[in-house]
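Chemist: Let's see this in three dimensions:
(2 chains)
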Amino acid sequence: MRHRGLGLAALLALLAALAPRSSAAPEPALWPMPLSVKTSPRLLHLSRDNFSIGYGPSSTAGPTCSLLQEAFRRYHEYIFGFDKRQRRPAKPNGAIELQQLLVTVVLDSECDLFPNITSDESYALLVKEPVAFLKANRVWGVLRGLETFSQLIYQDSYGTFTVNESDIIDSPRFPHRGILIDTARHFLPVKSILKTLDAMAFNKFNVLHWHIVDDQSFPYQSVTFPELSNKGSYSLSHVYTPNDVHTVIEYARLRGIRVLPEFDSPGHTQSWGKGQKDLLTPCYNEHKQSGTFGPINPILNSTYNFLSQFFKEVSMVFPDHFVHLGGDEVEFTCWESNPEIQGFMKQKGFGKDFRRLESFYLQKLLGIVSTVKKGSIVWQEVFDDHVKLLPGTIVQVWKNQVYSEELREVTAAGFPVILSAPWYLDWISYGQDWRNYYKVDPLHFDGSQEQKKLVIGGEACLWGEFVDATNLTPRLWPRASAVGERLWSPENITSVGDAYNRLTVHRCRMVRRGISAEPLFTGYCDYEYKT
Amino acid sequence: MAGCGLCFSLLLAAAFARQAQALWPWPQYIQTSDSHYAIFPYNFQFQYHVSSAAQPGCSVLDEAFQRYRDLLFGSSSWQPPEPTRKQHTPEKNSLVILVVLPGCDQLPSLESVENYTLVINDDHCFLLSETVWGALRGLETFSQLIWRSPEGTFFINKTEIEDFPRFSHRGLLLDTSRHYLPLTSILDTLDVMAYNKFNVFHWHLVDDSSFPYESFTFPELTRKGSYNPVTHVYTAQDVKEVIEYARLRGIRVLAEFDTPGHTLSWGPGFPGLLTPCYSGSRPSGTFGPVNPILNTTYEFMSTFFLEVSSVFPDFYLHLGGDEVDFTCWRSNPDIQAFMKTKGFGNDFKQLESFYIQTLLNIVSAYGKGYVVWQEVFDNKVKVPPDTIIQVWREEVPVNYLKELELITRAGLRALLSAPWYLNHITYGPDWRDLYVVEPLEFEGGAQQKALVIGGEACMWGEYVDSTNLVPRLWPRAAAVAERLWSNKSVTNLDLAFKRLTRFRCELLRRGVQAQPLNIGYCEQEFEQTA
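Modeler: Numbering: from 1, shown residues only, chains lettered A, B, ... in the order given. Next up, the predicted model:
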């Protein structure tokens, strides 16, 4: 950097960054790297007006599948749309033109369904003259394949859209590849969320973990309990209406992305208290109520009545099979101070172990959620504090100290697990921290093959204490892209140098598609971001 | 002084007890009260006082009036309010501006006076300043005083402000070499600088990575040295536009052409300029700093800086001079021979001095003053007494405050940047670290301290381009702006936090993508359609 020692790695990166200036032929840069890629030096050309995406003759999905129709339109734009001033380039002699991409869905297309944890995202892509073929079992694989196809196409030095003949077979390494956004510490306008979903699709992420409420605000507008957001949101213009939520879910579905809502309790619930009387525990100071409140009050029947109704609504609003129930960082001080809670502890024989009270609460909550036919995801404390979990409950590991040990323990107990600990993107530092995210391997822990199979994926988390719509995008991208490749690509894709080169091009591609993804290092994009 | 500091704090506290104060940076003297006046956009106007030296036709102020009108009320047309709503409070329908000295077509300079007096009371709504630059600062303050009731009426409280900057050089550095910044990014930054009363845009135009400045004497420099000679360059017209846009906001443009190091991108466009490095007895094919032993080098510099001197009207140029790496010079047999001839022994600092002194002579012959990075001072280059030294190193060779002490003791003027490298990011509210810096906290008499003419927030570009510039810059740079403008006694972090939180929401309202200081919200969020 200026004026501070350059590390060797940075110097090498600088050289790499400068290289494109001298090297004549641009090349495609796939991100995340597919399972298998064969490319031939044979080049095909494409032109905006002559190229189209359509259906193969045996495809189970056709023009009535609006999910694919919209995707075709989108990707035609991504491929050609950003250079409308471009004159039709003179075709070099003997150039072969690629005129069509034919898409074939093999099995029942699932066109009108929501993606889920078992959705098949695999696809095969064959780019060859005169027609390219994209084949997938379900629409979800088509979406991933279209993204890859769009990444294969580049403009040569004359501006001609070019693609190498290629043969690609691809499927994800992990089925759960998520981004966590936090709309409680700062409200994120729907527009920012939708833009994030776009960028997620460019990186083959498939889960939006929506940490929708927390201590600071309750922007989720509940139909059953409208006072929650009336009183608990930052302002009445800082809420997500049912229509907003629906918009996000459908926008995500069209991109093959699940929306996983998190309603964290019993801690992290200060904002709930404003709109729901007696939900939170009154804290005591010297035998008197202090006027402050702690976690949800776990000893009242009214609490569970409320939760039953609330999660019944949530289970209908959010179509995904899973709900994230939080359960992290429960502070016991307030419970300890409250005489009624003390009485309840005695009666239940919990002694002084408030973790047992926490377990009591969470078990009841897990029961409520399973009666509305939903699966549960919880933060690791719920497992650490020995709450009895139903088989299949997913544990999310977030504590950065010895997370590999935690992975071992959770999987040894037979629970599926999601890894986030090394991927807290809100922790920023100077320089190329994406390299650290990239080097993580979620399966590097002591455990049997069976245990490793229980690692269903991971999530990059962008907590919102210092993040809102002003800095969300450049803070998330391309840093989250490093996590995206780790979760999609085969285990042996680990070269950081190669990743740097591809990611540099991929970030320029995101910029060109309107995502203000920040630079990895010194250098430039052909099309810089303009506000 | 202690007594005054106390009354100052009390004044601050009092101000907060009252209506919507989001002033940033905090003025030198302010008195406000609860009583307030309504302002109605349909009839409000900025007016020149009859005895003002500036009158209609003064571009700096005419355009500023238009800008602030749009900032305050938007560009929509306003209707008179219903009569019932008008009666409650007295009304102000104009701000009267009186500028004492003529001079609307000049450029701001280091010596420009930015003082102003703003009086809003029953009898007056009045802005007095010595120069148009002071009037610009006063207009910004005026715009920050206006608040809006929930019903949508605009108000301004009874207020009296006497204000002037603590330091005369309050700069922001942008680096357009590591990443090219589109012209709009630069112009937008100038707008926000004006909101923060910054008055110097330090334009680090070129460096190792690229040479986007389009020179008309040496067009090959850009053709060969820019990232892309069509899209990633600043044409003569672009540069003019930046300078004029800045002038209209009372901002100087300080151009930096850093030599003899940081010049790799100059090489391809002017073969022979850079030192060929040797590996053993043969040139390795790589290049080092500018070659200081050739006459052609100085001929080039003479011609190049003649152009630069005329393109950039500010009295000062920044000549760089930092981080000269001696390895390449050392490897080159011609340079070794030159060293022997000159009797420099093995002391390459003497060669560096030789280069810089020759360069300084060239530039002073063009009637320019100059700023250089601290190495020039540290390496004991003989510099004329009017040279300005910019301190950027935090601890080496000495702590930056000690460095300021040494520079000013040598009788030279100094600029501080070391604690204000905004490209360095960490988790959390690091604006506090920027804010608590006290530039004059070093040993030395008043005369010595007067030689510290200000400071600069620096946004180096290794990891910054137009995608992340704005949220990384604002509101963090605002902390530096207040330190350089406001009274030394304005140091209370809690009050600063409250004001800065509101100011950042005001920036959002003005369309600036300024990032949050902490948990919370603004009435209108970025990307939120109202």
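
Chemist: where does residue B:285 land in three-state SS?
Modeler: Classification of residue B:285 by DSSP: H, G, I helix; E, B strand; the rest coil places it in strand.

Chemist: same deal with residue A:178?
Modeler: Following three-state DSSP, residue A:178 is assigned to strand.

Chemist: Could you pull up the residues touching it?
Modeler: Taking CB atoms under 8 Å, 6 or more residues apart in numbering or on different chains, we find residue A:178 in contact with A:205-209, A:260, A:418, A:457-460. From N, CA and C alone the C-beta is placed, and that goes for glycine too.

Chemist: Could you rerun that using 7 Å?
Modeler: By CB atoms under 7 Å, 6 or more residues apart in numbering or on different chains, the contact set of residue A:178 is A:205, A:207, A:209, A:260, A:457, A:459.

Chemist: Please indicate which of those residues has the highest neighbour count?
Modeler: residue A:205 (29 neighbours; other CB atoms under 10 Å in any protein chain shown).

Chemist: is it true that that residue touches residue A:179?
Modeler: Yes: with contacts counted by CB atoms under 7 Å, residue A:205 reaches residue A:179, the gap being 5.5 Å.

Chemist: Contact residues of the stretch 301-450 of chain B facing chain A?
Modeler: B:322-323, B:392, B:424-428 (CB under 7 Å from any CB of the partner chain).

Chemist: rewinding a little: pipe the contacts of residue A:178 into TSV and attach distance to residue A:327, pLDDT and secondary structure per row.
Modeler: Putting those into TSV (distance: CB to CB, whole Å; pLDDT from 0 to 100; DSSP: H, G, I helix; E, B strand; the rest coil) gives the following:
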residue	distance to residue A:327	pLDDT	secondary structure
A:205	24	98	coil
A:207	19	98	strand
A:209	14	98	strand
A:260	15	98	strand
A:457	19	98	strand
A:459	16	98	strand
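
Chemist: the helices in the stretch 51-200 of chain A, which residues?
Modeler: Along the stretch 51-200 of chain A, counting by DSSP state H, counting those that start in this stretch, helices occupy A:66-80, A:139-152, A:190-202.

Chemist: element containing the residue nearest to residue A:371 when sequence neighbours are not counted, please.
Modeler: Distances taken as CB to CB, 6 or more residues apart in numbering or on different chains put residue A:308 closest to residue A:371, at 7.9 Å, once the chain neighbours are dropped. In this assignment (DSSP states H and E), residue A:308 forms part of helix A:301-317.

Chemist: ditto for residue B:180
Modeler: Residue B:180 belongs to no helix or strand, assigned by DSSP H and E.

Chemist: My read is that it contacts residue B:212, right?
Modeler: Yes: counting by CB under 7 Å, residue B:180 does reach residue B:212; the two are 5.6 Å apart.

Chemist: Comparing these two, which residue is more hemmed in?
Modeler: residue B:212 (28 against 25).

Chemist: for residue B:145, what are its contacts?
Modeler: Residue B:145 makes contact with B:156-157, B:159, according to CB under 7 Å, 6+ apart.

Chemist: which residues in the stretch 201-350 of chain B form strands?
Modeler: B:252-259, B:274-279, B:282-290, B:316-320 (DSSP state E, counting those that start in this stretch).

Chemist: Report the strands that pair with the shortest one, each with its relative direction.
Modeler: On the basis of DSSP bridges, the sheet neighbours of strand B:316-320 come out as strand B:252-259 (parallel), strand B:369-373 (parallel).

Chemist: repeat for the third one
Modeler: The strands that strand B:282-290 pairs with in its sheet are strand B:274-279 (antiparallel) (by DSSP bridges).

Chemist: Which residues belonging to the partner strand are considered buried?
Modeler: Neighbour counts over strand B:274-279 (16 or more other CB atoms under 10 Å in any protein chain shown) mark B:274-278 as buried.

Chemist: Of the helices of the stretch 51-200 of chain A, which is nearest chain B?
Modeler: Judged by CB to the nearest CB, the one of those that comes nearest to chain B is helix A:190-202, at 4.8 Å.

Chemist: does chain B sit close to that closest one?
Modeler: Yes: against chain B, helix A:190-202 shows contacts by CB under 7 Å from any CB at A:191-192.

Chemist: Correct me if wrong: residue A:276 contacts residue A:229.
Modeler: No: using CB under 7 Å, residue A:276 makes no contact with residue A:229, being 11.0 Å away.

Chemist: on that earlier part again, report pLDDT for the residue nearest to residue A:371.
Modeler: Reported pLDDT at residue A:308 in the predicted model: 98.

Chemist: Next: residue A:23.
Modeler: 37.

Chemist: go on, residue A:18?
Modeler: pLDDT, read off for residue A:18, is 44.

Chemist: so what's residue 406 closest to, chain neighbours aside?
Modeler: Unless you meant another one, I'm taking chain A. Nearest to residue A:406 is residue A:397, by CB to CB, 6+ apart, at 4.9 Å.

Chemist: try chain B instead
Modeler: Once flanking residues are discounted, residue B:406 sits nearest to residue B:398: 7.1 Å by CB to CB, 6+ apart.

Chemist: How many residues are close by the one you found?
Modeler: 13.

Chemist: returning to that earlier point: now distance to residue A:412 too, for the strands of the stretch 201-350 of chain B, in TSV please.
Modeler: Below are the strands of the stretch 201-350 of chain B laid out as TSV (distance: least, CB to CB, whole Å):
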stretch	distance to residue A:412
strand B:252-259	59
strand B:274-279	57
strand B:282-290	55
strand B:316-320	60
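
Chemist: Which one, of those, ends up nearest to residue A:33?
Modeler: Counting by CB to CB, residue A:33 lies closest to strand B:282-290 out of those; the figure is 32.9 Å.

Chemist: what comes up buried for that closest one?
Modeler: Those would be B:287-290, for strand B:282-290 by 16+ other CB under 10 Å.

Chemist: Could you do stretch B:510-523 as well?
Modeler: Within stretch B:510-523, the residues that count as buried by 16+ other CB under 10 Å are B:512-517, B:519-522.

Chemist: which residues touch it?
Modeler: Here stretch B:510-523 makes contact (CB under 7 Å, 6+ apart) with A:185-187, A:216, A:234-235, A:238, A:465-466, A:468, A:470-471, B:71, B:192, B:429, B:431, B:470-471, B:474-475, B:497, B:500-501, B:504-505, B:507-508, B:526.

Chemist: do the same with stretch A:312-331
Modeler: The contact list for stretch A:312-331 (CB under 7 Å, 6+ apart) reads A:114, A:116-117, A:209, A:222-224, A:242, A:245, A:249, A:258-268, A:294-295, A:358, A:362, A:365, A:369, A:372, A:374-379, A:381-382, A:394.
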